[in-house]
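>>> Prediction below, plus the sequence it came from.
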Amino acid sequence: MSLHAQTAAYDPDNIFAKILRGELPCEKVYEDAHCLAFMDIMPRSDGHVLVIPKSPARNMIDIDAQALAAMMAGVQKVARAVHSGMEADGLTIQQFSEPAGGQVVFHLHFHVIPRWNGMPMRSHTGTMENRDLLADYAGRIKAALGH
């Protein structure tokens, strides 16, 4: 295997691992045995949700195929709820692997971003969204999930 094909080891102290352990808060939208979905605190669009596996995986390259398959059922369920709950015209689903691919947090995660015709995604500025607004969006998405 070439040096470029290798990835670094999983860091159990990454921010998403801390969220999974309850060490850091999140605005939870959905949870099952395989994944956790919560509001992105620096959203590219209103209703932007992150879905992460409960298994420790750095990215798409190193996750077990069965764990990925189980997690993707959750991604689809959340995507449907985001689309419906946010009354979106469409969705953008993103996943970045390794720094060259745009990954910043090294725990596998999928971005579920609601989109509306004529409205571009916001830039990733690092600005944190108002928590009450995140809670409102989470409520809409949870209602679409039937929670």
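Yes, it's here.

>>> where do the helices sit along the protein?
Secondary structure of the chain, counting by DSSP state H: helices at 15-20, 65-85, 131-145.

>>> Nearest to Pro99, out of those?
For Pro99, the closest of the helices of the chain is helix 15-20, at 15.9 Å, according to Cβ to Cβ. C-beta: built from backbone N, CA, C; applies to glycine.

>>> what comes up buried for that closest one?
Across helix 15-20, burial judged by 16 or more other Cβ atoms under 10 Å covers Phe16, Ala17, Ile19, Leu20.

>>> which residue sits closest to the third one in space, ignoring its chain neighbours?
In this case it means Ile19. Cys26 (4.9 Å; Cβ to Cβ, 6 or more residues apart in numbering).

>>> these two touch, right, the one you found and Val49?
No: the criterion here is Cβ atoms under 8 Å, and Cys26 misses it with Val49 at 10.6 Å.

>>> ok, the two, which is more surrounded?
Set side by side, Cys26 and Val49 show more neighbours around Val49, with 27 against 21, by other Cβ atoms under 10 Å.

>>> beta partners for that one?
With DSSP bridges as the criterion, the beta-bridge partners of Val49 are Met39, Val112.

>>> between Cys26 and Val49, what contacts are shared?
With contacts taken as Cβ atoms under 8 Å, 6 or more residues apart in numbering, the residues that reach both Cys26 and Val49 are Phe38, Met39.
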